[in-house]
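Asker: missing the sequence, but the structure's below:
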């Protein structure tokens, strides 16, 4: 992804004490190390599952899909909040959001292959952000997510 | 859990070709190997996260909670379907369910410790089962789940 590589991933700007998440923490050596970036009006996260992360043969298991949508949504909320404040991602430490509510619709079996999760902003207030997401493999939407994220107060 | 150990886990009765799920497949050596059992009117799954499965220090990450609720719900649906048909778990291969819709409410930070997920049947038809779940650590409910499961047609 040479085009996206030039855009800072929001997770690379989380403060160290918020960088140990199994899903998206840069300091968690065992985790997925998800990276979420701005793309156009929305956000994008990409992830290639491992062979073991299966439900049935050749199909990604639903728990991973929920995990990826969860961290993607939290990262997207931070991106949208910074954009709303007129701040460029990477110019200062990112705000952090935690998930209050997560929904996933499993529309079709998701092939065990590189997934692309595209996020869009649905609602924003000072404390709360709602993000909807499509998960695609090879251009086909196989799952949809909706998440309510709440901003963690700065210490 | 000596009392529960006598009750057959539903995942131990899945057919081999449905036993590779990362969350609950007995034949997936890399996965969580979740076990869901009948308990009273409901169902129970227990799981001890690893140290790396963190969100913030000492707190379980949300994606794992969603994963565990997902597989617990699918297993619970199979248990409820067998109970509804008057079949004892373990007496024949289990029906298999896949998740169509998953919701999780994160009510409070979940300590990184043994979690207990308790399921209850909300709705059942021939093809569809709705399961609600509470996730508890040390007796406190920290997350709630709701899932719509669809029965996989027998081959």
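Answerer: Nice, I can see it. Just so it is clear, the model here is predicted, and its values are computed rather than measured.
Asker: average pLDDT for stretch A:69-83, rounded please.
Answerer: Over the span of stretch A:69-83, the pLDDT mean works out to 97.
Asker: from the centroid of chain A, which residue is nearest?
Answerer: The residue lying closest to the centre of chain A (C-alpha atoms, centre = their mean) is residue A:72, at 0.7 Å.
Asker: so is stretch A:53-60 next to chain B?
Answerer: Yes: applying C-beta under 8 Å from any C-beta of the partner chain, one finds stretch A:53-60 touching chain B at A:53, A:54, A:55, A:56, A:57. Quick note: C-beta positions are derived from backbone N, CA and C, even for glycine.
Asker: buried residues, that stretch. List them.
Answerer: Of all the residues in stretch A:53-60, those buried under the rule 16 or more other C-beta atoms under 10 Å in any protein chain shown are A:53, A:54, A:55, A:56, A:59, A:60.
Asker: please report how far the fourth one lies from residue B:21.
Answerer: Going back to what we said before, that points to residue A:56. 8 Å (C-beta to C-beta, to the nearest Å).
Asker: who does the longest helix seen in chain A touch, helix- and strand-wise?
Answerer: Ordering each helix of chain A by length in residues (DSSP state H) puts helix A:62-84 first. Using 3 or more C-beta pairs under 8 Å, 6 or more residues apart in numbering or on different chains; DSSP states H and E, the elements in contact with helix A:62-84 are strand A:36-39, strand A:42-47, strand A:97-106, strand A:115-124, strand A:128-137, strand A:140-151, helix B:62-84, strand B:97-106.
Asker: pretty sure residue A:102 sits against residue A:72.
Answerer: No: Residue A:102 is beyond contact range of residue A:72, at 10.8 Å (criterion: C-beta atoms under 8 Å).
Asker: need the overlap of contacts for the two.
Answerer: Contact criterion C-beta atoms under 8 Å, 6 or more residues apart in numbering or on different chains; residues shared by residue A:102 and residue A:72: residue A:145.
Asker: please pull out the lowest mean pLDDT helix or strand from chain A.
Answerer: helix A:2-5 (a mean of 53; mean pLDDT, DSSP states H and E).
Asker: could you find the closest non-adjacent residue to residue A:154?
Answerer: In this structure, residue A:154 finds its nearest non-sequential neighbour in residue A:95, 7.5 Å apart by C-beta to C-beta, 6 or more residues apart in numbering or on different chains.
Asker: what about the residue lying closest to residue A:145 once chain neighbours are set aside, how many residues nearby?
Answerer: With sequence-adjacent residues excluded and distances taken as C-beta to C-beta, 6+ apart, residue A:145 is closest to residue A:69, at 3.6 Å. By the criterion of other C-beta atoms under 10 Å in any protein chain shown, residue A:69 has 33 neighbours.
Asker: so what's residue A:69 up against?
Answerer: Taking C-beta under 8 Å, 6+ apart as the test, what residue A:69 contacts is A:102, A:104, A:117, A:133, A:135, A:143, A:145, A:147.
Asker: for the fifth one, what are its contacts?
Answerer: By C-beta under 8 Å, 6+ apart, the residues touching residue A:135 are A:65, A:68, A:69, A:110, A:115, A:116, A:117, A:141, A:142, A:143, A:144, A:145.
Asker: pretty sure the second one contacts residue A:33?
Answerer: Read it as residue A:68. No: counting by C-beta under 8 Å, residue A:68 does not reach residue A:33; the two are 11.6 Å apart.
Asker: those two: which is more packed in?
Answerer: Neighbour tally, residue A:68 and residue A:33, criterion other C-beta under 10 Å: the higher count belongs to residue A:68, 27 against 18.
Asker: ok, and the closest non-adjacent residue to that one?
Answerer: residue A:47 (5.4 Å).
Asker: which residues of chain A lie near chain B?
Answerer: Residues of chain A found near chain B (C-beta under 8 Å from any C-beta) are A:17-18, A:20-23, A:28-31, A:50, A:52-57, A:61-64, A:66-68, A:70-71, A:98-106.
Asker: re the thing from before, burial count for the residue nearest to residue A:68?
Answerer: Residue A:47 is flanked by 22 other residues according to other C-beta under 10 Å.
Asker: measure it to residue A:40 for me?
Answerer: From residue A:47 to residue A:40 the distance is 20 Å (C-beta to C-beta).
Asker: stretch A:147-155: which residues count as buried?
Answerer: Residues of stretch A:147-155 classed as buried: A:147, A:148, A:149, A:150, A:151 (neighbour count, 16+ other C-beta under 10 Å).
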